[in-house]
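Student: task: produce atomic coordinates for the following.
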Amino acid sequence: MTQQLNRAQRRAAKKQRRPVRGAGHIQLPINIRFNAADETQLQLVPLGLATTLIEGTADESTWHTLTLRINWGRFLASDHFPDMEPAMVAAQDAMRSISARHDRAQTWGASKPEYDAIYEALRICNEMQQQCTRRELRDALERVYAANEYHRKVTAIKNRLDARA
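Tutor: As a prediction, this is how the structure comes out:
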């Protein structure tokens, strides 16, 4: 009888505890990896978008997508593959020059050397993605987000909303 009472009290106390990050922040266990189709999609989409830079049909979302992938690769390289970091730096420089060109000429495009640096970095990102654990991928992506001012503001808003929940 007392065990059932204690169990009921523990359950009631557990229900009253608030989630660490508020309601709605359900996350997958870290040991679950992408399925094969998603893994392939994550690798092929940036490569396809890179070709739009050389064709001259790219837009701002293309630039942001490629920049995110390259920044993600840069953090992976700095943490786990230091010999790959120069390629990531070259691709980041190419993305910066593409952005500067857009500011001047209002067009999204890449020269052949810029495209080659970006393509090589994306190829290396794909290799690193296959060799890293989900935890390593998550940590690198969180570092990219932490470096992003917009993400810091969104996280602050979410934390304020969680405090009210």
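
Student: now residue 117: which helix or strand?
Tutor: Per DSSP states H and E: residue 117 is located in helix 112-131.

Student: point to the residue nearest the middle of the chain.
Tutor: residue 141 (3.9 Å; C-alpha atoms, centre = their mean).

Student: determine the number of other residues adjacent to residue 132.
Tutor: Counted by other C-beta atoms under 10 Å, the residues lying close to residue 132 total 17. (Each C-beta comes from the backbone N, C-alpha and C, glycine too.)

Student: distance of it from residue 81?
Tutor: Distance, residue 132 to residue 81, using C-beta to C-beta, to the nearest Å: 9 Å.

Student: again, but for residue 135
Tutor: 16 Å.

Student: looking at those two, which is more packed in?
Tutor: residue 81 (17 against 10).

Student: quick check: that one touching residue 128?
Tutor: Yes. Residue 81 lies in contact with residue 128 (C-beta atoms under 8 Å); the separation is 5.8 Å.

Student: report how many residues lie close to residue 118.
Tutor: Residue 118, neighbours per other C-beta under 10 Å, totals 28.
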